[in-house]
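*Asks:* My questions are about this predicted structure, shown below with the sequence.
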Amino acid sequence: MLVYRVGKTKHANDLSGEGAKINGGRWNHKSIPCLYTSSSRALSLLEYTVNVNVDEIPRALSITTIEIPDSEILIINEDSLPGNWKRVPVPPSTQDFGSNLLRSQKNAVFRIPSSVIPQEFNYILNPLHINSRNFKIKAVTDLVYDIRIKLV
């Protein structure tokens, strides 16, 4: 299946999860690498938008299309998530939940509901899983960010 990731162009070909390892995120603590991707380009852009300040949006952005093996996806249902999983700022319980999944090495990918639109899905990729070598970048496309999205 194909998943999508919006980010700085200089990191578009990086599948190491280093950015999430440095900064942490909703589903990982700092020091735990992963890649945050989405089921569509639109959701990927929406997720990027809610997680970046308008002053920090770089001129050089890209959408990376990544192919992941369907057989490696662990589906996480909303009723399995911590009760406060949508909270802002990100609660430690969600970071614990995701970090434990990443450390368990059971699956290379887990599908999780988007906290922005729970009926849509994000795919968290584990670059340390042995089958992460099956993650393939299929395309990198330049993205001109429409600032009107942040001004609404």
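*Replies:* On my side now, so go ahead.
*Asks:* residues contacting residue 40?
*Replies:* By CB atoms under 8 Å, 6 or more residues apart in numbering, residue 40 lies in contact with 4, 120. C-beta: built from backbone N, CA, C; applies to glycine.
*Asks:* residues near residue 48, how many?
*Replies:* A total of 20 residues lie near residue 48 under the criterion other CB atoms under 10 Å.
*Asks:* which residues touch it?
*Replies:* So residue 48 contacts 6-7 (CB under 8 Å, 6+ apart).
*Asks:* What are the boundaries of the helices in this structure?
*Replies:* In the chain, the helices defined using DSSP state H lie at 18-23, 41-50, 92-104, 148-151.
*Asks:* Can you spell out which helices and strands pack onto the last one?
*Replies:* Here helix 148-151 is seen to pack against helix 41-50 when contacts are counted using 3 or more CB pairs under 8 Å, 6 or more residues apart in numbering; DSSP states H and E.
*Asks:* for the helix it packs on, which positions count as buried?
*Replies:* Judged by neighbour count using 16 or more other CB atoms under 10 Å, the buried positions of helix 41-50 are 41, 43-49.
*Asks:* in the chain, which spans are strands?
*Replies:* 2-8, 35-38, 61-67, 73-75, 109-113, 121-125, 136-143 (DSSP state E).
*Asks:* Can you lay out the ones you listed as TSV showing mean pLDDT?
*Replies:* Output for the strands of the chain, formatted as TSV (pLDDT from 0 to 100):
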stretch	mean pLDDT
strand 2-8	97
strand 35-38	98
strand 61-67	98
strand 73-75	97
strand 109-113	98
strand 121-125	98
strand 136-143	98
